[in-house]
Each structure stands twice: as structure tokens, then as C-alpha cells.
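A.B. asks: Have a look at this prediction, sequence included:
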Amino acid sequence: MIRQPAAAGKFYPASKKALEAQIKSMSNAKTDKEDALAVVAPHAGYTYSGPIACELFSNIRITDSVIILGPNHTGIGENFAIYGTGKWRTPLGDIDVDEELSAVICKNTGLIKNDISAHAYEHSIEVQLPIMQYFKNAFKIVPIILSDGDFGQYQQMAAALADAIKESGGDILIVASSDMTHYEPRDNARNKDKMAIDAVLKLDEKLLYETVRKHDISMCGYVPVIIMISAVKKLGGRSARLIKYSTSGDITGDYSSVVGYAGISIK
């Protein structure tokens, strides 16, 4: 089965030529690629979050298989849904699902269910793919869409991911797809985002969980980021770096209601 693009022509250009041109214009060809265990990458329309995502992936070596964790904006499907077989199509070509790795992850925890409906109209994973394809011709993906659960469930899923990566014996990048604060004045958004980003940079998933809840931070992908942090520490992750941060106001000039975007690498 081929998962057809749902965000092409909306979040990014639908034509290959225009898409490649836009990504090229936002990318940094002069950076040295570094190995990373995981990244936090934004997923809004490329006009707004593209410069952050492109700067992030300009700096990162993309592995042959990538686990991508995205939040569920649509409310459709299982709480924790994997797209375990088939391909994903973008204007830049088809990407194979890593079916073997997907199966191992599902074997490791009963929390994650095979459910393509959760992925059908969701953009949070899809918008990462063309940017990654621009920097690497061929790779496989494990797409997982996540809704809210409890902290114990997040820890269970993180352990399942980490064990699957260890079992594979290969280098596998984890991408946690998330935007930051939504639709608040710029100063408010920056202050809230700094608290959340500081928790990520400390690799403290419990602090991030508590900070988001205590300060009512509308970080849509906090669940993917919590799971990613927990998994990456089990894989030996020790440090995180903020590569770039901005808000939508830096593009529009309207600072009364912005969305924040952060690109973070972990190794």
C-alpha cells in the first residue's frame, strides 16, 4: 500500500521542481554533517518552519532507517499508531517503510497498533520527508503517530524503541516532530518555549512533561519528544544542542499571535 501525500500543495509545494527549489533556498550547503541519535524537528508549512527544519537537517547525517514520531492533530485512529508496511509517496519519490524494524517495535510493546487511518490525513510526519529526501536519496522509515497517554506508557514505548534499535545493530535516527507554543504573543511564546527547550537540552523527559503541564505550553509534539528523550538515553545519548529557534512572527512581522519552532540535535 502507498500512503499518498496529504500536505502537498498546502504545507509545501506539490511539484518536484518547486519543492526542491524551496528546500535548496532554505538549506545550508556549507555545514559539516554530524552523527546524531535523535532530533526535534518542526512540522508547520515550509514558509514558517522550513528554515528551522532545513538548517537542522543540513547539520545532521540521515541514517538508512529513521523512526519518525509525530503527534496526532486529526484525532483519527489508535492512540499509538504505526504505519507498518508499504511506502510513503512525496513529490520527490517513494520511501519504503522499514517493515522489519516496525515489526520488532510492535513485538516489543502491545501499546503500538498497526493503524493506517491515523496517518491518512496527518501532516506531522509527512512534512519531514521531502526535506530529508533532499539530503539523502534513499532511506526507510518507521512512521508512528502518538496521542496523549500517561507517563508510564511513554516510558514503555521508549524502551520498545530503544530495544528495537539495539536489536537491529544499525544506526537509526529518531525524529521527534513538534512545533512549540501556538498562537500566543511572541514574548509569551519565547518564555514558554525556553522552559520546554531547556528541559530537552537537559535530556530530562520528566521535567519536560511537568513543565508542559504546569505552564500550559501548547507544544503539540511533547509526547513524541518525551518518548524520544527517554529512548535516546537508553541508547547512550548524553548531550543536546539547539541548532535554531524562531517564531512565525519572524516571517510575517505579526508578533501578536505566533507559533514557535525549534531544531534540536541529540547525540
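C.D. replies: Cool, got the structure. The shown structure was predicted, so the numbers you read here are calculated from the model rather than taken from an experiment.
A.B. asks: going forward, measure contacts between C-alpha atoms and count neighbours the same way
C.D. replies: OK.
A.B. asks: Can you give me the buried ones in stretch 32-39?
C.D. replies: Residues of stretch 32-39 classed as buried: 36-39 (neighbour count, 16 or more other CA atoms under 10 Å).
A.B. asks: let me fix that: stretch 242-253
C.D. replies: So stretch 242-253, judged by 16+ other CA under 10 Å, has buried residues 242-243, 245-249.
A.B. asks: who's in contact with it?
C.D. replies: Residues outside stretch 242-253 that contact it (CA atoms under 8 Å, 6 or more residues apart in numbering) are 47-49, 52, 55-56, 186, 201, 254-255, 257-265.
A.B. asks: what about 7 Å?
C.D. replies: Applying CA atoms under 7 Å, 6 or more residues apart in numbering, the contact partners of stretch 242-253 are 48, 52, 56, 255, 258-265.
A.B. asks: which residue is nearest the middle of this structure?
C.D. replies: Ser177 (2.0 Å; CA atoms, centre = their mean).
A.B. asks: What are the phi and psi values at it?
C.D. replies: Here is the backbone geometry of Ser177 (degrees, to the nearest 10): phi -90, psi 120.
A.B. asks: isn't it right up against Val40?
C.D. replies: Yes: Ser177 lies in contact with Val40 (CA atoms under 7 Å); the separation is 5.9 Å.
A.B. asks: and Ser178, how many residues sit next to it?
C.D. replies: When counting by other CA atoms under 10 Å, one arrives at 27 neighbours for Ser178.
A.B. asks: should've said Pro71
C.D. replies: When neighbours are counted by other CA under 10 Å, Pro71 comes out with 28.
A.B. asks: got a list of what it touches?
C.D. replies: Counting by CA under 7 Å, 6+ apart, Pro71 makes contact with 124, 145-147, 220-221, 224.
A.B. asks: Pull up the gap between the residue nearest to Ser27 when sequence neighbours are not counted and Thr47, please.
C.D. replies: With CA to CA, 6 or more residues apart in numbering as the criterion, Ser27 has its nearest non-adjacent residue at 5.1 Å, and that residue is Cys54. Distance of Cys54 to Thr47, given as CA to CA, to the nearest Å: 11 Å.
A.B. asks: Quick check on the two: which one has the bigger neighbour count.
C.D. replies: Set side by side, Cys54 and Thr47 give different neighbour counts by other CA under 10 Å, the larger being at Cys54 (27 against 14).
A.B. asks: tell me which of the contacts of stretch 242-253 is nearest to Asp193?
C.D. replies: Gly260 (7.1 Å; CA to CA).
A.B. asks: For the closest one, give me its contacts.
C.D. replies: Going by CA under 7 Å, 6+ apart, Gly260 touches 179-182, 189, 246-248.
A.B. asks: That one - that's part of a strand, no?
C.D. replies: Yes: counting by DSSP: H, G, I helix; E, B strand; the rest coil, Gly260 is part of a strand.
A.B. asks: For the residue nearest to the centre of the chain, which residues are in contact?
C.D. replies: Each residue near Ser177 by CA under 7 Å, 6+ apart is listed here: 40-43, 69-70, 124-125, 221, 224.
A.B. asks: Kindly recompute the last result at 6 Å.
C.D. replies: Applying CA atoms under 6 Å, 6 or more residues apart in numbering, we find Ser177 in contact with 40-42, 69-70.
A.B. asks: cool, Tyr48 as well?
C.D. replies: Ser248.
A.B. asks: How much space separates it from Pro91?
C.D. replies: According to CA to CA, Tyr48 and Pro91 sit 20 Å apart.
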